[in-house]
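Trainee: sequence and predicted structure below; questions after.
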Amino acid sequence: MLKATELYKKYKLPHKTVEVLRGASLEINGGERVAIVGRSGAGKSTLLHVLGGLDLPDAGAVHIDGQDVYRLSRRKRTALRAGKIGFVFQSYHLLPEMDVAENVMLPAMTGVNRMPRATMRERALKLLERVGLSDRASHMPMELSGGEQQRVALARALMNSPQLILADEPTGNLDGTTGAQVMELLFELSRTTSSALIMVTHSMESAALCDRVLEISHGQLINSVKP
């Protein structure tokens, strides 16, 4: 359901140019779970952002469900991203002025094909129940622990029933026990919704839970192995 071909990406700094991606390619099947590992600064997060339509590559192509992401207009790319991709970030990115339920509803609020607000809220409450936070719907993000905030982020990622979940170090800000609980929930949600999952992680223990592990090195993906 996702195919990336020969992706290149570089950043121009004041005194040098850094080539982050140098011909990275991969294919992901529907429902497949893939981990991307590599040293700090290897380009893991950049790759994830390019795959998700958040960061324009200098060259190469990304196809999601048969659509060439970077040949779409900005509006159509936004619609594809909202409808087919769920994002989970290390830092949660919950909006502090919105309560928990509203944060979960956010992808549907900004989508092109918006559903009625009552329908959005009903779905958000069901998702919060699935992640064990139905009693926190009216709370503000700052009233939640880090683990609870990340569970809200998981619910938000599923709001539009995405075909693909992109997770960037989803347990990076959590302690070991809480991180393990969030990881277990992430994989359970991926499995029960049949969503493909691409997860950037520094933890080989987390990577071993995936169907495949890809290492990014010198801007390319190598060592596709069974964990």
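Mentor: Noted; the coordinates are in hand.

Trainee: so what's Asn139 up against?
Mentor: Not quite, residue 139 is His, not Asn. Residues near His139 by CB atoms under 8 Å, 6 or more residues apart in numbering: 99-100. Bear in mind the C-beta positions are built from the backbone N, C-alpha and C, glycine included.

Trainee: which SS class is it?
Mentor: coil (DSSP: H, G, I helix; E, B strand; the rest coil).

Trainee: residue numbering should commence at 14 henceforth.
Mentor: Understood, numbering begins at 14; the last thing we discussed is His152.

Trainee: from Leu107, how far off is it?
Mentor: His152 sits 11 Å away from Leu107, going by CB to CB, to the nearest Å.

Trainee: list the residues that contact both of these two?
Mentor: Val113.

Trainee: where along this protein do the helices fall?
Mentor: Under the criterion DSSP state H, the chain contains helices at 57-64, 87-97, 113-123, 130-143, 159-170, 189-206, 217-220.

Trainee: could you pull up the mean pLDDT of the last one?
Mentor: Going back to what we said before, that points to helix 217-220. Average pLDDT, helix 217-220: 88.

Trainee: give me the helices and strands touching it, please.
Mentor: Contact here means 3 or more CB pairs under 8 Å, 6 or more residues apart in numbering; DSSP states H and E; on that basis helix 217-220 packs against strand 46-50.

Trainee: what angle separates the strand it packs on from helix 57-64?
Mentor: 140 degrees (axes from the mean of the first three to the mean of the last three CA atoms, to 10 degrees).
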